[in-house]
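K.L.:
Model the following, please.
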Amino acid sequence: MEKLSFLVVGGHPADVFDHCGGTMAHHIRRGDSVTCVGLTHGLRIHDVVIAEELRKQEKTPDPEKLQKLMQERSKVKHAEVVKACGILGMTDVRFLNYDDSVLLVTHELVEALARIIREVKPNVVITHHPLENGGVSNHHSTAGKITMHAIQYAANVDLNDENPGHRVAQVFFMAPGMTTFIDCSLSATPSVFCDLFVDITDVVELKVKAWDAMRSQQYGGDYARKSAETWNGKDGLHMGVSYAEGFVRLKPEIGDFLTVSKERLERANEPETDTHERMNRMIAPFVELPD
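P.N.:
Down below sits the predicted model:
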């Protein structure tokens with residue numbers, strides 16, 4: 001197959017791998033290129049100090065002290081994400097580092113991301129679904145909207161950008177929360193379902209190790225294993241494998257023939273015992289994984 005170029009855009013730093021890291025590990029092994037971009041620093045949502053410890057104090061630190069602390073914590077999170085992505089083979093990791101206090105679709109963010117698209121020239125962009133949780137007050141959905149605007153803008157010529165316009169061939173949305181469970185009334189609409197799953201059973205231990213690197217988000221230890229079992233394990237169970245990552249395609253595919261994956265053909269008439277054996281793999285109880 002022709003080598004592909006991928007751009008993964010996450011609302012928060014860890015989003016660039018925890019939704020699609022296993023899939024990207026496969027593509028990197030295949031020889032494809034992957035660039036990851038985190039839009040915000042993610043400190044007000046996912047940080048044990050800023051989002052958790054400060055919330056419990058009687059008084060917020062003065063602005064100068066808080067700004068210094070946020071800079072320090074941002075460096076910690078960046079280092080963790082770079083390490084986590086490296087475990088999965090992703091080495092081109094970038095951070096726009098916008099504040100995640102209130103994430104909105106702004107010209108500044110759209111333009112910054114569009115410049116990266118023109119530079120990287122991805123065939124495929126992977127991001128959040130723009131209608132996750134109804135598209136209301138949700139960092140993931142806003143990140144998806146920013147990305148869609150940036151894709152459109154990147155196709156045009158920008159007088160302030162030396163790179164010419166670039167058109168993306170396909171967009172995949174990482175499995176939205178409402179495809180896993182409905183936790184509020186906004187999750188119930190619109191109806192979205194994953195139309196493509198990737199079997200990540202062979203790299204799930206690497207994904208657990210990557211999650212374990214995110215200690216600033218308290219993702220380490222058994223939480224990492226629990227996430228893989230309940231999230232990727234659930235998707236795998238429904239697809240007849242042990243662990244899978246789900247995606248929603250933006251555009252229907254077009255070709256000269258109808259296509260059926262070799263996995264579907266091979267498994268259509270296999271013995272049920274073979275199916276169960278493939279589905280029943282489990283991650284070993286968590287232990288500190290070596291570097």
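
K.L.:
and the nearest residue to residue 115 once chain neighbours are set aside, helix, strand or coil?
P.N.:
Nearest non-adjacent residue to residue 115, counting by C-beta to C-beta, 6 or more residues apart in numbering: residue 161, 5.4 Å away. All C-beta atoms are positioned from the backbone trio N, CA, C, and that covers glycine. The three-state assignment at residue 161 reads coil, by DSSP: H, G, I helix; E, B strand; the rest coil.

K.L.:
residue ranges for the helices of the stretch 101-250 of the chain, please.
P.N.:
Ranges of helices in the stretch 101-250 of the chain, per DSSP state H, counting those that start in this stretch, are 107-120, 139-154, 204-212, 222-227, 233-239.

K.L.:
Compute the inter-axis angle for the first one and helix 139-154.
P.N.:
Inter-element angle recorded for helix 107-120 and helix 139-154: 60 degrees (by axes from the mean of the first three to the mean of the last three C-alpha atoms, to 10 degrees).

K.L.:
Could I get the buried residue list for helix 107-120?
P.N.:
Buried residues in helix 107-120, counted by 16 or more other C-beta atoms under 10 Å: 109-118, 120.

K.L.:
What is the burial count for residue 106?
P.N.:
Neighbour count for residue 106, taken as other C-beta atoms under 10 Å: 13.

K.L.:
So the residue nearest to residue 115 is in contact with residue 117, correct?
P.N.:
No. Under the criterion of C-beta atoms under 8 Å, residue 161 is not in contact with residue 117, lying 10.1 Å apart.

K.L.:
about what we covered before: which pLDDT does the model give the residue nearest to residue 115?
P.N.:
pLDDT, residue 161: 94.

K.L.:
if I look at it, how far off is residue 225?
P.N.:
44 Å (C-beta to C-beta, to the nearest Å).

K.L.:
Same check on residue 196?
P.N.:
From residue 196 to residue 225 the distance is 25 Å (C-beta to C-beta).

K.L.:
Good, wrapping up.
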